[in-house]
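In: Model the following, please.
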Amino acid sequence: MEAFIRGIPKAELHIHIEGSLEPELMFQLAKRNGLSLPFSSVEEVRAAYRFSDLQSFLDIYYVGARVLLKEQDFYDMTWAYLEKAHQQNVRHTEIFFDPQTHTDRGVSFKTVIGGIHRALTDATIRYGMSSRLIMCFLRHLTADAALNTLEQALPFKHWIAAVGLDSSELGHPPEKFVTVFERALAEGLLTVAHAGEEGPPDYIWQALDLLRVSRIDHGVQSTRDSALVERLAAEQIPLTVCPLSNVALRVFDSLQQHNLKQMLDMNLCATVNSDDPAYFGGYVNENLIQVCAALDLSRDDVCRLAKNSFNASFLSDIEKNSMLRELDDYVAGF
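Out: The predicted structure is shown next:
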């Protein structure tokens, strides 16, 4: 099963590029930019990755992001992820980035997106890996701040597929961001939102009805609401699930308690993703391998998760069909 998972073509739809910043690169960039970190070694950084909830993770996440100052820094971080994704046979990736994390520190929007976009372009040329870029608003900041960020993004709209919503969920419901999401939709951008990670099922309803999202990021709390499950299944609204993240942030006490198998049994369009792999102990293959072992998922379950990942993506129908044929060929020949 492990070999099957490592080789199967897949898409990753829930990856925060700042959350892929490994401690080794964090120290390299800090040195290059003449910055100091509140850690003395890579080992000390990794030892700090013991989280009690989402906020305890975010506190360290924002410290690490401070080393990103120049376009080359954003390129190097993104390229490091793309190389890892290529090794794990990720054929398509849809990457979140958090411009406010950087623009609030005086780094220009152009610097942030320029480095990321250049790396995505290089991955297409070198590896044939397709990608889409999703700009997230930090929900713990104001709705006006999100709108200002959207205005900064519009000159680069041709590089951005969608907008999203991330950061501290509790106390920051989707309804807070209706105006900026309406503006994004009017500009032709798609929408997604983190909902139902720590927050209640009602946040998922709000994301669907008020923000008009194409998919829900996380969504594991959906199984608490039977009417919501019925709707998600009927409309096949994708859920980008991140098992190792959910355990690291204490959404579930263990992978054995995770509800991914329950979601599949409910005919939900669940996918498996890494979220912030540098912090949560694994990229997409590690997530798949560990959750399969913990929940005794079958080969058919893995195939379904891989198919879901392509069907849930923002690829065109022609591109999806090409990826799905590649997947079918792999399964038939394994």
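
In: Name the SS class of residue 152, please.
Out: helix (DSSP: H, G, I helix; E, B strand; the rest coil).

In: for the closest residue in space to it that isn't next to it in sequence, what are its contacts?
Out: Spatial nearest neighbour of residue 152, excluding adjacent residues (CB to CB, 6 or more residues apart in numbering): residue 109 at 4.3 Å. Every residue, glycine included, has its C-beta placed from N, CA and C. Shown in contact with residue 109 (CB atoms under 8 Å, 6 or more residues apart in numbering): 99, 103, 149, 152-153, 156.

In: go with 6 Å
Out: 99, 103, 152 (CB atoms under 6 Å, 6 or more residues apart in numbering).

In: same deal with residue 46?
Out: When the contact criterion is CB under 6 Å, 6+ apart, residue 46 has no partners at all.

In: Next, the closest residue to residue 255 other than its chain neighbours: phi, psi?
Out: Among residues not flanking residue 255 along the chain, residue 294 sits closest, at 3.6 Å (CB to CB, 6+ apart). In terms of degrees, to the nearest 10, the main-chain angles of residue 294 are phi -70, psi -40.

In: swap in residue 275?
Out: When read as degrees, to the nearest 10, the backbone of residue 275 gives phi 70, psi -90.

In: likewise residue 195?
Out: Main-chain torsions, residue 195, degrees, to the nearest 10: phi -160, psi 140.

In: That one touches residue 204, doesn't it?
Out: Yes: with contact defined as CB atoms under 6 Å, residue 195 counts as touching residue 204 (4.5 Å).

In: Give the residues shared as contacts by the two.
Out: Common neighbours of residue 195 and residue 204 (CB under 6 Å, 6+ apart) are residue 216.

In: before we move on, the earlier item: I'd like to know how far the residue nearest to residue 152 sits from residue 151.
Out: Residue 109 sits 10 Å away from residue 151, taking CB to CB, to the nearest Å as the criterion.

In: Can you give me the first-to-last residue distance of stretch 181-193?
Out: Length of stretch 181-193, first residue to last, CA to CA, to the nearest Å: 10 Å.

In: Need the contact partners of it.
Out: 162-165, 174, 207, 211-215, 217.

In: centre of the chain versus it, how much separation?
Out: 18 Å (CA atoms, centre = their mean, to the nearest Å).

In: just checking, what packs against the helix or strand of the chain with the lowest mean pLDDT?
Out: Within the chain, no helix or strand scores below helix 54-65, which has a mean of 85 by mean pLDDT, DSSP states H and E. Counting contacts by 3 or more CB pairs under 6 Å, 6 or more residues apart in numbering; DSSP states H and E, helix 54-65 is packed against no other helix or strand.

In: Just checking the distance from it to the centre of its chain.
Out: 16 Å.

In: What of stretch 88-95?
Out: 11 Å.

In: I would like the residues contacting it, please.
Out: Contacts to stretch 88-95, defined as CB under 6 Å, 6+ apart, come from residues 7, 9-13, 15, 17, 85, 130-134, 283-285, 313, 323.

In: and those residues, which of them are in helices?
Out: Judged by DSSP state H, the subset of these located in helices is 7, 85, 284-285, 323.

In: Redo the contacts of stretch 181-193 as JSON lines? Include secondary structure, distance to residue 113 and pLDDT.
Out: Putting those into JSON lines (DSSP: H, G, I helix; E, B strand; the rest coil; distance: CB to CB, whole Å; pLDDT from 0 to 100) gives the following:
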{"residue": "162", "secondary structure": "strand", "distance to residue 113": "14", "pLDDT": "98"}
{"residue": "163", "secondary structure": "strand", "distance to residue 113": "13", "pLDDT": "98"}
{"residue": "164", "secondary structure": "strand", "distance to residue 113": "15", "pLDDT": "98"}
{"residue": "165", "secondary structure": "strand", "distance to residue 113": "18", "pLDDT": "98"}
{"residue": "174", "secondary structure": "helix", "distance to residue 113": "24", "pLDDT": "98"}
{"residue": "207", "secondary structure": "helix", "distance to residue 113": "24", "pLDDT": "98"}
{"residue": "211", "secondary structure": "coil", "distance to residue 113": "22", "pLDDT": "98"}
{"residue": "212", "secondary structure": "coil", "distance to residue 113": "24", "pLDDT": "98"}
{"residue": "213", "secondary structure": "coil", "distance to residue 113": "22", "pLDDT": "98"}
{"residue": "214", "secondary structure": "coil", "distance to residue 113": "21", "pLDDT": "98"}
{"residue": "215", "secondary structure": "strand", "distance to residue 113": "22", "pLDDT": "98"}
{"residue": "217", "secondary structure": "strand", "distance to residue 113": "20", "pLDDT": "98"}
